[in-house]
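*Asks:* Quick check, what structure comes out for this input:
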Amino acid sequence: MKKLKAKIVALSISATKGCSKQNVSQVEVIANHGIKDDAHAGDWHRQVSLLAQESIDKVKAEGLKLKPGQLAENITTQGIELIQLEIGAKLSMGDEVLLEVTQIGKECHKPCAIYYQLGYCIMPKEGIFAKVLKGGMLKVGDEIVIE
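*Replies:* Below you'll find the predicted structure:
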């Protein structure tokens, strides 16, 4: 395992797709499903979405007030270059959870509010998606390790 000083800085869920997510202090992650009570969980390859705090900070530097979860990411990370990971990379989080990267970036079918304010959105280029190999509880502050 490759040790980093990477951690979870926010966890976010929503009951419906296509909207900002609500920040929570902990979540239950279910194997082969995703995060309990999140609209994006299910039997598909994008069970969990991740975005780096460093990406959010770039947008904030341009004057936009943006907080974790507003771009519909489930897990906001710090200390790991998510877009440098490869498909198939495994991320161990907290004491139990294991994710496998399945997609880097995405196509936005309709521009979000961030796009209209800045002329671009970071989630399509810097967000990543994963499926859950092993479930468990996650909380803000948990460590992330690339396996």
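
*Asks:* Which strand or helix spans the most centrally placed residue in the chain?
*Replies:* Against the mean C-alpha coordinate of the chain, by Cα atoms, centre = their mean, the closest residue is Leu50 at 1.5 Å. Using DSSP states H and E, the element containing Leu50 is strand 48-52.

*Asks:* who touches that strand?
*Replies:* Applying Cβ atoms under 8 Å, 6 or more residues apart in numbering, the contact partners of strand 48-52 are 29, 34-35, 40-41, 68, 71-78, 80-83, 99, 122-123, 126-132. For every residue, glycine as well, the C-beta is placed using N, CA and C.

*Asks:* Which pLDDT value belongs to the residue nearest to the centre of the chain?
*Replies:* Leu50 carries a pLDDT score of 96 in this model.

*Asks:* Which residue comes closest to it once chain neighbours are left out?
*Replies:* Closest residue in space to Leu50, ignoring its immediate chain neighbours: Ile75 at 4.6 Å, by Cβ to Cβ, 6 or more residues apart in numbering.

*Asks:* burial of the one you found, as a residue count?
*Replies:* By the criterion of other Cβ atoms under 10 Å, Ile75 has 30 neighbours.

*Asks:* got the contact list for it?
*Replies:* Shown in contact with Ile75 (Cβ under 8 Å, 6+ apart): Ile8, Ala10, Leu11, Ser12, Val48, Ser49, Leu50, Leu51, Met93, Leu138.

*Asks:* coming back round to it: so how do I select the buried members of the contacts of strand 48-52 in PyMOL?
*Replies:* In PyMOL, this line selects whichever of the contacts of strand 48-52 come out buried by 16 or more other Cβ atoms under 10 Å:
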select buried, resi 29+34+35+40+41+68+71+72+73+74+75+76+77+78+80+82+99+122+123+126+127+128+129+130+131+132
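
*Asks:* hmm, who's touching the longest strand seen in the chain?
*Replies:* Identified as the longest strand of the chain according to DSSP state E is strand 2-13. Strand 2-13 has contacts (Cβ under 8 Å, 6+ apart) with 21-27, 35, 37-38, 53, 67-69, 72-80, 93-94, 138-147.
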